[in-house]
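K.L.:
next one to model:
(chains A, B and C)
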Amino acid sequence: MAYWLFKSEPDTFGIDDLRSRPKQTEPWDGVRNYQARNMMRDQMQVGDLGFFYHSNVKEPGIVGLIEVVSVGYPDPTAFDPNSHYYDPKSDPDNPRWYLVDVRYRRHTKRNIRLAELKQYAEDVLADFPLVRRANRLSIMPVMPEHWDLILGLEEAPD
DNA sequence: GCCAACGTTGGC
DNA sequence: GCCAACGTTGGC
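P.N.:
Numbers count the residues shown, from 1 in each chain, chains lettered A, B, ... in the order given. Okay, the predicted model is just below:
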């Protein structure tokens, strides 16, 4: 079982949107970055857990927990000319983009803000990509010790 | 709105 | 295969 972090802009798709979906489940579509694709296609397993992170907002941070409920499979939006995520270079016989389905687990008790996580950027979270400057990876692995630290922060005063 | 960082594209 | 130009991400 592995841990991940999934970034999303809540104006596009936020934790509340996921909770309101049928079965509280949604394909994590539209990822067009090879590193992120590889993680979904090759590494994610059913039962893996993820942090749901809100980016591009006033106070970016971790707002919830989600669960991976499928292994990787081709992203159908890449084949749909009407989709915002359409990629004519992705061939159904040789798909370029993959996704997993994720299910809502819970909101965190509070927004565990990026600014707060950055306080640990020089020590315990030194190799956590999220706290590095100008990090653009939309999906990243979370080491178990980092996962535990962050869940501990959830219980701390805001 | 600014801009740093970084991924992608395409000319050569 | 190099690398400049360009586009996008995302914090601030």
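
K.L.:
tell me which other helices or strands the helix or strand containing A:Gly152 touches.
P.N.:
Assignment of secondary structure by DSSP states H and E places A:Gly152 within helix A:144-155. Contacts of helix A:144-155 with other secondary structure elements, assessed using 3 or more Cβ pairs under 8 Å, 6 or more residues apart in numbering; DSSP states H and E, are made with strand A:3-8, strand A:49-54, strand A:101-113, helix A:114-117. In this view, the C-beta of every residue, glycine as well, is placed from N, C-alpha and C.

K.L.:
and with 7 Å instead?
P.N.:
Contacts defined by 3 or more Cβ pairs under 7 Å, 6 or more residues apart in numbering; DSSP states H and E place helix A:144-155 against strand A:101-113.

K.L.:
okay, now the sheet partners of the strand it packs on, with direction.
P.N.:
Partner strands for strand A:101-113, per DSSP bridges, with pairing direction: strand A:25-27 (antiparallel), strand A:61-68 (antiparallel).

K.L.:
got those strands as CSV, with mean neighbour count columns?
P.N.:
Shown next, in CSV, are those (neighbours: other Cβ atoms under 10 Å):
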stretch, mean neighbour count
strand A:25-27, 17
strand A:61-68, 22
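
K.L.:
I appreciate the help and will end here.
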